[in-house]
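Participant: Have a look at this prediction, sequence included:
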Amino acid sequence: MINRFIILSLGLLGFLFSTCQAHRGIAAENHETDSLLRYNFRILDSVANAAPHDTIYYCCIAPIYFMELNTKLQSDAPTTFVGKMYFTRNNLIAWHNWYNNHRRRKNSSLH
């Protein structure tokens with residue numbers, strides 16, 4: 001009887017430990033994704049702020065790809081053999097709105 005109790009207790013502790021580890025891994029992944037989103041926003045925002053009267057910004061293939069991949073919102077630029085060559089002010093606004101509605105809300109509920 002005592003042996004069963006010890007085995008069940010150890011099994012339960014192992015399960016709880018693995019669950020906690022999985023939660024920590026998800027939290028770390030979310031933190032890393034948020035850091036990368038903010039990093040790419042800084043790049044795209046700095047390009048847009050350098051020419052505030054423009055509506056199309058030619059640059060930054062990697063940040064455009066990253067934002068499309070994570071937000072599932074596509075840039076208005078056509079895809080070339082190297083990727084999207086520009087983004088528009090409306091694309092940037094849409095990516096910011098997505099971040100505010102999805103990532104910030106999710107992060108504030110975790111704290």
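Facilitator: It's in.
Participant: any weak-confidence spans in the protein?
Facilitator: The chain contains residues with pLDDT under 70 at 1-28, 105-111.
Participant: residue ranges for the helices of this protein, please.
Facilitator: Secondary structure of the chain (DSSP state H): helices located at 2-50, 61-71, 89-98, 104-110.
Participant: From residue 99, how far off is residue 77?
Facilitator: If you measure residue 77 against residue 99 using C-beta to C-beta, to the nearest Å, the figure is 20 Å. No exception for glycine: its C-beta is placed from N, CA and C like everyone else's.
Participant: again with residue 47
Facilitator: Applying C-beta to C-beta, the value for residue 47 to residue 99 is 17 Å.
Participant: again, but for residue 91
Facilitator: Residue 91 sits 13 Å away from residue 99, going by C-beta to C-beta.
Participant: Please apply the same query to residue 92.
Facilitator: Residue 92 is 11 Å from residue 99, by C-beta to C-beta.
Participant: Overlap in contacts, the two.
Facilitator: By C-beta atoms under 8 Å, 6 or more residues apart in numbering, residue 92 and residue 99 have no common neighbours.
Participant: I'd like to check which residues are in contact with the closest residue to residue 33 other than its chain neighbours.
Facilitator: Nearest non-adjacent residue to residue 33, counting by C-beta to C-beta, 6 or more residues apart in numbering: residue 70, 6.9 Å away. Going by C-beta under 8 Å, 6+ apart, residue 70 touches 33, 36, 37.
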